[in-house]
Each structure stands twice: as C-alpha cells, then as structure tokens.
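Asks: here is my input; please provide its structure:
(chains A and B)
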Amino acid sequence: MSVTSVSEAIRKGIGWCPMTPATSTALTMITNSCDTETNREPGGAGRSGQIDRGIRFTVGSFKILNENRQLLWFSFLTGLVMLFVFCAAFVLHVFGMYPYPPMEYPVRLALIFSILTIALFSLNSLVAGLMASVFPILSGRNGSIRETLSGVRRCLKTIALLSVVPALLGTACYYALTQYFGNYDIGIYHFWNYDLAIYQLVNQFPFSFILLPEYYNYGPIGGSFNIPSAVSFTVFAAIFIGVFFILTLFVIPASVMEHKRLPDAARESVSRIRKARGEIMVSFLIFGLAFLAISLAALLFRVAYGIVSPDNLLFWRPAAGWIAGAVVYMIAWFILVVIGTTMAGISLAGLYCYAKTGQIPARFLTGEGNRQAGNKSRTRKGQ
Amino acid sequence: MFLPMNDKQFTFWVMRRSGTPNVAIANQVGITRQAVSQALLVIDEKIESALREMAQSNQIAIEKISPERGVVIGRSIPFQTGAIIFISEKHGIQVWYEHEGKCDTCQRYTECIELLWDYATELGIKLEKTADPTKMAEELCTKIKAMV
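Replies: The predicted model follows:
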C-alpha cells in the first residue's frame, strides 16, 4: 500500500455528524469498558490488594490476547520495527568502522536521530492502534480496522511529539556521552567512558558472539572488567527511562480515548499513575521479570559449553552446533518478547481504565471474579 | 441571541459570503457602498455574537471564529471532540461534531444530505462524495477550515 493510500485510509476513518458523539465514541467506550454494573473490584485494600490486582492485569492480558488472536498483528508489526532498529544500528556500527572510511560525526548523529525517530514513531503508533483495538474489546465488542486507524489518526500530533522529543533527548545523551564524558576519569575507573559504558551493556546481549564474533565479551557476565562503567550507565539509563515512563505511560491511552492534547494528556498521565501506582508496578514488574528470565536463559549456553570463565573466551570459537542453538534461541526470544509487548499493551489499557474509574474491566476478571459478576448479573435478571 | 435572518443586513452578509463585492451589492440593492459597508459591520457583530453564544451554550471552546464566513471551529468540552458551528441561509445555525456518524441507520439521513448540499452551494463549494453524509461533512469541513 502506498503512502498516499495509507494516509487516505486513515483520513477516511472519521467524519462529522450533527448528533452528539456521546453514543458512539470514546466516552462511551470508556464508560462501557469500565462498566461497573456487572463488575466488582477484586482484592482488598492496601498492598496485598494492589499485588492481587496487578497480577490480575497481567494474567488477564494473556487471556484477552488468547481470545483475540487478531491482536497478534501488533506483535508482528512490533517485531518488524525491532528488526528495523536492530538492522539499522548494526549497519551503522559496521559501516562506521574499519575497513570502511570513518563516518563524519554530524552524519552519525543525524542517522542516530533518524533511526530513533522512525522507531519511536512506529512503536507509538502501534501502541495507539493497540489501545484503539483493545478498548472496544474491553467494552464487549470487536473493534474494526477503521476504528483502529481512526484512533491512531486522532493522536498523530501527540505521537509525533512523543517521538521527536525523546529522539532528540536520546541523540543529545549520545552526543554528551561521546563528546564530554568520553575521557572523564573518576579514581581508577573510566566512570563515564561511553565506549566502556554503552558497549559494556550491549555486549551482555547473548547474541554479540554471532553479530561480532571477533569482539570478546567483557563486563559483569563475561568477566570483572569495568563493572563500574556498566553499572553507572545502567543506573543512569534506568533513572532516565523511569522518569520518562512516569511522565508518558498513560499519554497515548488518554490521547486515543479522550482526544487529549499532549500537555493535558501528560498531566492526566501523572495524576492517573498516582491512583494506580501499586498495580502498575506489580504488573510491569511481572513483565520485566519474565523478560529477564527469558534473556538470562542465554547463560545456559555458556554453562552447557563450559565457557563460564572469562579465560575460556580467549581460546573459544563458536562451533556449528552452538550457532544453530543460538539462532533457535534468538528466534524464540524474539517471538516471546514481541508477544510480551502486546500483552503489556493490553495490560496498559486495563490499568488506564482502572486508574480512571477505580474498577477493573470485567474482561480482566477471571475465575471467582467472573463467577461473582455472573451471579450478580443473574440476580439482577431474576429480579 | 436571535439572528435576524430576514433582515436586509443578513441578505448583504449572505451576498458578501458568496463572493459579491460591496459595490455590486450596493448597485443591486440601489443604495450607496458606504451604507452597505455600514450594514455589514453591524451584521458582522451580530453574527459573531450569535456564534459565540451558540458556542457557549453548547460548551464549545472556540479555536477560530470568522464572522465573515459565519463559522466557528472549536472543541466540544463535554465530548472532547472537534466541533464546528456554521450558519446556513436556508437551515440557520448548525452545530456538528467530529465523529463518525451512523448514517445508514440514522433517520435524519435525507435532512443531512440536503443541508450539506445547500450549505456547500451557499459557499460555492463543490462536493465530491455523495453517498455518506458523515464523509460529505468531512470533506466540507476540511474545505471550510481551509477558508477560515
């Protein structure tokens, strides 16, 4: 599909009507999806209730994805975006080193900014599309592709801003790390040496053997060399991501469902997060731990091949069996991660709904919750 | 505020909106150009006042207002969606909201089609889509927004 036909398809997604939109748009979807008539809040008050509800959102997201397999298209598209980022970063890395001519620094910065912008815009659009698809499901009906495109179209400006601003920040961080902190020594360590900081983190990735077989792994997993660099960068990145996460978590859901502009959506995001911070932490902690477990499974390769000690690496080359196993692992890792991102998106829609109304959407209730809701509903019918 | 649609000033306003110059209006009606200008200033104020009152009563935050075109582009606060207020010579003041209407099941399908055709004709706008009023309105509103 050409760019024109895509934009035309998006443009066709909305119209004008003299009737008030209350019966057919976002407000209704929010109200219905958070309908409290057949819905009761499970779990108690306090910390245990928050943990219980957080688990329900995570488990419920798997259930909803399983019952609505069409949402896996978002996983597929997320995979394509990740593949693009992966390939673009790899090409940028390879073509920036010997035997290719050195890349001009401004060109490298421009390329990094472009890759970040494209990737963030694509991912944010997918989140918006997922929200526009999940909210109708939570209200008990299947949304159309038209509805999804319409939802994305409604917040294109917000998506663009949410892509360009972080891309600029990311590029600025890269610039600062490479230009100002490159040789800043603290004690015996190169504390902010970007070469050691960023690459230490990247080199922990289990695939670095295949991508860069000539590049030996050193760092917390491969050895004890330059741990402070890796840790300092990890802490810095975690703070940066954490602040950004708090500021923007509910921005896209608010933009899609309530047509809010970026400043209003950001304000609402922060206030809504406060109301459901426990549930959000639990739900995303579960997703994070699952991601960590899948990634740490790569260590089994080292254990199986007896290359745990850093000294072993100096004389070790991956054999055909190792490479085949690693490729299978990489494919499995990739599939699980893209499915996990869609589940996290579904959970996000439920959390937004919960933060807005204080009630868990009925589709996230399983087992006892559904039975109770069903009993309540039957009682009403009997009356 | 009551909009005096039978008033002569309103007729001048409609003529100007359709592109007739003040001199031509003066010649057609048989009065001086200054009198036409004076009348248009008065009716512009009335139209703006009527549009603002309409926006206020429908809780629409005004983003753009054009008394010359008789259009308000804004945003409905309770419905959190785009809204447009316009004045049709034949149908009076109208309020439309930006959302996809269910035209196939709506009882006012014919009225909407007629209203849109009439209003487009009043503005001298040619509409391409004819099957679905909600889409016709989208095309019309896009063109109106470009004019305001």
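
Asks: where do the helices sit along chain B?
Replies: For chain B, the helices defined by DSSP state H cover B:8-17, B:22-29, B:33-57, B:109-123, B:133-147.

Asks: make CSV out of these and add mean pLDDT and mean neighbour count.
Replies: (Glycine included, C-beta is placed from N, CA and C.) Formatted as CSV, these follow (pLDDT from 0 to 100; neighbours: other Cβ atoms under 10 Å in any protein chain shown):
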stretch, mean pLDDT, mean neighbour count
helix B:8-17, 89, 19
helix B:22-29, 89, 15
helix B:33-57, 88, 17
helix B:109-123, 85, 17
helix B:133-147, 84, 19
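
Asks: turn the ones you listed into a markdown table, including distance to residue A:360.
Replies: Conversion of the helices of chain B to a markdown table gives the following (distance: least, Cβ to Cβ, whole Å):
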| stretch | distance to residue A:360 |
| --- | --- |
| helix B:8-17 | 54 |
| helix B:22-29 | 64 |
| helix B:33-57 | 38 |
| helix B:109-123 | 40 |
| helix B:133-147 | 34 |
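
Asks: and for residue A:249, the neighbour number?
Replies: Residues within reach of residue A:249, counting by other Cβ atoms under 10 Å in any protein chain shown, total 21.

Asks: same question for residue A:352.
Replies: Around residue A:352 there are 30 residues (other Cβ under 10 Å).

Asks: same check, this time on residue A:330
Replies: 14.

Asks: do the helix or strand containing it and chain B come into contact?
Replies: Assigned by DSSP states H and E, residue A:330 belongs to helix A:320-357. No - contact between helix A:320-357 and chain B is absent, the nearest approach being 13.1 Å (criterion: Cβ under 8 Å from any Cβ of the partner chain).

Asks: who does residue B:65 bridge with?
Replies: On the basis of DSSP bridges, residue B:65 is bridged to residue B:72.

Asks: quick one: residues contacting it.
Replies: If you count contacts by Cβ atoms under 8 Å, 6 or more residues apart in numbering or on different chains, residue B:65 has them with B:48, B:51, B:52, B:71, B:72, B:73.

Asks: coming back round to it: identify whichever of the helices of chain B lies nearest to chain A.
Replies: Among these, helix B:133-147 comes nearest to chain A, with 3.2 Å by Cβ to the nearest Cβ.

Asks: nearest to residue A:82, of the helices of chain B?
Replies: In terms of Cβ to Cβ, the element of those nearest to residue A:82 is helix B:133-147, at 35.3 Å.

Asks: quick one: contacts of the closest one?
Replies: Residues outside helix B:133-147 that contact it (Cβ under 8 Å, 6+ apart) are A:12, A:14-17, B:66, B:69, B:71, B:73, B:84, B:86, B:96, B:98, B:100-101, B:103, B:109, B:112-113, B:116, B:119-120, B:123, B:125, B:127-130.

Asks: related to what we said a few turns ago, of the contacts of residue B:65, closest to residue B:35?
Replies: Nearest to residue B:35 out of the contacts of residue B:65 is residue B:48 (Cβ to Cβ; 20.7 Å).

Asks: confidence score at the closest residue to the closest one other than its chain neighbours?
Replies: Spatial nearest neighbour of residue B:48, excluding adjacent residues (Cβ to Cβ, 6 or more residues apart in numbering or on different chains): residue B:67 at 4.0 Å. Per-residue confidence (pLDDT) for residue B:67: 88.

Asks: just residue A:212 next, same as before
Replies: 49.

Asks: about what we covered before: in PyMOL, select just the buried ones from the contacts of helix B:133-147.
Replies: Selection of the buried residues among the contacts of helix B:133-147 in PyMOL, burial being defined by 16 or more other Cβ atoms under 10 Å in any protein chain shown:
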select buried, (chain A and resi 12+14+15+16+17) or (chain B and resi 66+69+71+73+84+86+96+98+100+101+103+112+113+116+119+120+123+127+129)
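
Asks: count of neighbours near residue A:72?
Replies: Residue A:72 has 14 neighbouring residues, counting by other Cβ under 10 Å.

Asks: tell me which element it falls in.
Replies: Assigned by DSSP H and E, residue A:72 falls in helix A:72-94.

Asks: CA atoms only: put that helix into CSV for me.
Replies: These are the backbone C-alpha positions of helix A:72-94, laid out as CSV (Å, rounded to 0.1, in the frame of the first residue of the first chain):
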residue,chain,number,x,y,z
LEU,A,72,-1.1,-10.7,17.4
TRP,A,73,-0.8,-8.5,14.3
PHE,A,74,0.6,-5.8,16.6
SER,A,75,3.2,-8.3,17.8
PHE,A,76,4.2,-9.0,14.2
LEU,A,77,4.4,-5.3,13.4
THR,A,78,6.4,-4.6,16.6
GLY,A,79,8.7,-7.4,15.5
LEU,A,80,9.3,-5.6,12.2
VAL,A,81,10.1,-2.3,14.0
MET,A,82,12.5,-4.1,16.3
LEU,A,83,14.1,-5.8,13.3
PHE,A,84,14.5,-2.4,11.6
VAL,A,85,16.2,-0.9,14.7
PHE,A,86,18.4,-3.9,15.1
CYS,A,87,19.5,-3.9,11.4
ALA,A,88,19.9,-0.1,11.3
ALA,A,89,22.0,0.0,14.5
PHE,A,90,24.1,-2.9,13.2
VAL,A,91,24.7,-1.4,9.8
LEU,A,92,25.5,2.0,11.4
HIS,A,93,28.1,0.2,13.6
VAL,A,94,29.6,-1.9,10.9
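
Asks: buried residues in whichever helix or strand comes after it?
Replies: Remark: after helix A:72-94, the chain's next helix or strand is helix A:105-138, criterion DSSP H and E. The neighbour-count check on helix A:105-138 (16+ other Cβ under 10 Å) flags A:108-109, A:111-113, A:115-138 as buried.

Asks: kindly calculate the angle that helix A:105-138 makes with helix A:320-357.
Replies: Counting by axes from the mean of the first three to the mean of the last three Cα atoms, to 10 degrees, helix A:105-138 lies at 60 degrees to helix A:320-357.

Asks: show the subsequent helix or strand relative to helix A:105-138.
Replies: Downstream of helix A:105-138, the first helix or strand assigned by DSSP H and E is helix A:145-154.

Asks: may I see the buried residues of that next one?
Replies: Quick answer for helix A:145-154 (16+ other Cβ under 10 Å): A:147, A:148, A:149, A:150, A:151, A:152, A:153, A:154.
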